[in-house]
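turn this into a structure:
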Amino acid sequence: MEAERQILVFTVSGHRYAMDILDLREVSRLPTKPPEHGTPDGVVGVVRMHDRPVRVYDMAHALRQVWSGPIGGEQPSVAGAGVDSRAWVIVSREGDHDRHWRVDEVADIIPYQPESVTFPEGDPDSPGMLDVDGALTYLLSAQTLAKGVSR
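As a prediction, the model looks like this:
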């Protein structure tokens, strides 16, 4: 039995997702700013965090690019909407690189057992599934999300 770990549970376009906290560097409210025109597909915009500009990616867009799961053909969560003061940003770690993701809502940090995660497509690179308080939750990795954006 593997040691218990923790996940951050959040929502994107009405669906529950989670990431292991070891894959995350930061969670915060997304700074408010007007919409940007001419940003690449899947990019919400550029905001200043910790006194430096960072590109914020739309997690819903990235999920549609790499996975045919529940976000599938849904419309982008923020297309043309700019950065919403109710939104959150989670910062994932990819080796030496951080990526900033816009998500709709952050729920909680909870413990989980890694062996309780199932991979219905048989591919450990696809999102895993687990039961979080009686609700189906998709477990994402920073590497899987990175496949849904271009650098």
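
Leu136 contacts Ala18, correct?
No: the pair Leu136 / Ala18 is not scored as a contact, 10.8 Å apart, by CB atoms under 8 Å. Every residue, glycine included, has its C-beta placed from N, CA and C.

give me the more crowded residue out of these two.
When Leu136 and Ala18 are compared for neighbours, Ala18 comes out ahead with 24 against 11, by other CB atoms under 10 Å.

correct me, but Val66 touches Gln143?
No: contact criterion CB under 8 Å: Val66 and Gln143 do not qualify, at 10.1 Å.

and these two? Which one has more around it.
Val66 (17 against 12).

enumerate every residue touching that one.
For Val66, the contacting residues are 144-145, 147-148, by CB atoms under 8 Å, 6 or more residues apart in numbering.

those, buried ones only, as a ChimeraX selection?
Here is the ChimeraX command that picks out the buried ones among these, judged by 16 or more other CB atoms under 10 Å:
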select :144,145,148
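
what would the contacts of Val66 look like in JSON lines with secondary structure?
What follows is these, written out as JSON lines (DSSP: H, G, I helix; E, B strand; the rest coil):
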{"residue": "Thr144", "secondary structure": "helix"}
{"residue": "Leu145", "secondary structure": "helix"}
{"residue": "Lys147", "secondary structure": "coil"}
{"residue": "Gly148", "secondary structure": "coil"}
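
of the contacts of Val66, just say which sits nearest to His61.
Nearest to His61 out of the contacts of Val66 is Gly148 (CB to CB; 6.9 Å).

pLDDT weak spots in this structure?
Scanning the chain with the threshold set as pLDDT under 70 gives 33-38, 68-85, 121, 124-125, 150-151.

now the longest helix seen in the chain: how far from the chain's centre is it?
In the chain, assigned by DSSP state H, the helix with the most residues is helix 59-66. Centre-to-centre, helix 59-66 and its host chain are 9 Å apart (CA atoms, centre = their mean, to the nearest Å).
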